[in-house]
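*Asks:* Show me the folded form of this:
(2 chains)
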Amino acid sequence: NAGVTQTPKFRVLKTGQSMTLLCAQDMNHEYMYWYRQDPGMGLRLIHYSVGEGTTAKGEVPDGYNVSRLKKQNFLLGLESAAPSQTSVYFCASRKTGENTEAFFGQGTRLTVV
Amino acid sequence: KNQVEQSPQSLIILEGKNCTLQCNYTVSPFSNLRWYKQDTGRGPVSLTIMTFSENTKSNGRYTATLDADTKQSSLHITASQLSDSASYICVVSAYQAGTALIFGKGTTLSVSS
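*Replies:* Sure, this is the predicted structure:
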């Protein structure tokens, strides 16, 4: 049981390049989330999904797009990376219900130069 | 605006000592409050989840309390160990479908020998 797996773990991009971060969960969870974590700040929600084929914007969605074509995968895309997107990105998933536990991936450290 | 505030920002204690971390929130409508432990370079891991009707919940040496009237929570760590050195994050969930989690900035705890 791998839980939540993020790919890649580290990446360096040049300004203007694009990339996709992959989040995969094997727990059959409905809800999936993408967060970013910056120094001195709490995790901030970028986008989330409540089920296959559905996505919604979070607190800081600008510059990012997401897709949930399969229930187990949640992709985060950066079409034209900017230095302000240098951050650590975390994916999380949980079952439906208000009080279900959220499981996090190990994070992706992205640097945009 | 939904907010979660934690104090202190950082804390240093000697191994074997107890400590208490604080969390105040202004999230409505309140669904539940969670405490997470985040080791350096890792994703957050759940310690406790408490709903409106729960006043206290324990997980080993970790005990969380919740006062929904004053919108305050605390996390008490008993007999601290070196492995307790981490960031402890208070997270509050608002009551809505697919709800995202609202994160505090965390308290960085350092346990020294």
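
*Asks:* Name the residues of stretch B:51-67 that come out as buried.
*Replies:* Residues of stretch B:51-67 classed as buried: B:54, B:57, B:62-66 (neighbour count, 16 or more other Cβ atoms under 10 Å in any protein chain shown). Bear in mind the C-beta positions are built from the backbone N, C-alpha and C, glycine included.

*Asks:* just curious, which of the residues you listed is nearest to chain A?
*Replies:* Checking these against chain A by Cβ to the nearest Cβ gives B:Glu54 as the nearest, at 9.9 Å.

*Asks:* still on that earlier bit, out of the buried residues of stretch B:51-67, give me the two with the largest separation.
*Replies:* Across the buried residues of stretch B:51-67, the longest distance by Cβ to Cβ is 14.5 Å; it joins B:Glu54 and B:Tyr62.

*Asks:* picking that back up, tabulate the buried residues of stretch B:51-67 (a markdown table), appending secondary structure, pLDDT and distance to chain A.
*Replies:* What follows is the buried residues of stretch B:51-67, written out as a markdown table (DSSP: H, G, I helix; E, B strand; the rest coil; pLDDT from 0 to 100; distance: Cβ to the nearest Cβ, whole Å):
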| residue | secondary structure | pLDDT | distance to chain A |
| --- | --- | --- | --- |
| B:Glu54 | coil | 92 | 10 |
| B:Lys57 | strand | 96 | 12 |
| B:Tyr62 | strand | 98 | 15 |
| B:Thr63 | strand | 98 | 18 |
| B:Ala64 | strand | 98 | 14 |
| B:Thr65 | strand | 97 | 17 |
| B:Leu66 | strand | 97 | 13 |
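
*Asks:* quick one: contacts for the spatially most central residue of chain A?
*Replies:* With distances taken as Cα atoms, centre = their mean, A:Trp34 lies nearest the centre of chain A, 2.9 Å away. By Cβ atoms under 8 Å, 6 or more residues apart in numbering or on different chains, the residues touching A:Trp34 are A:21, A:23, A:45-48, A:58, A:64, A:66, A:74, A:76, A:89-91.
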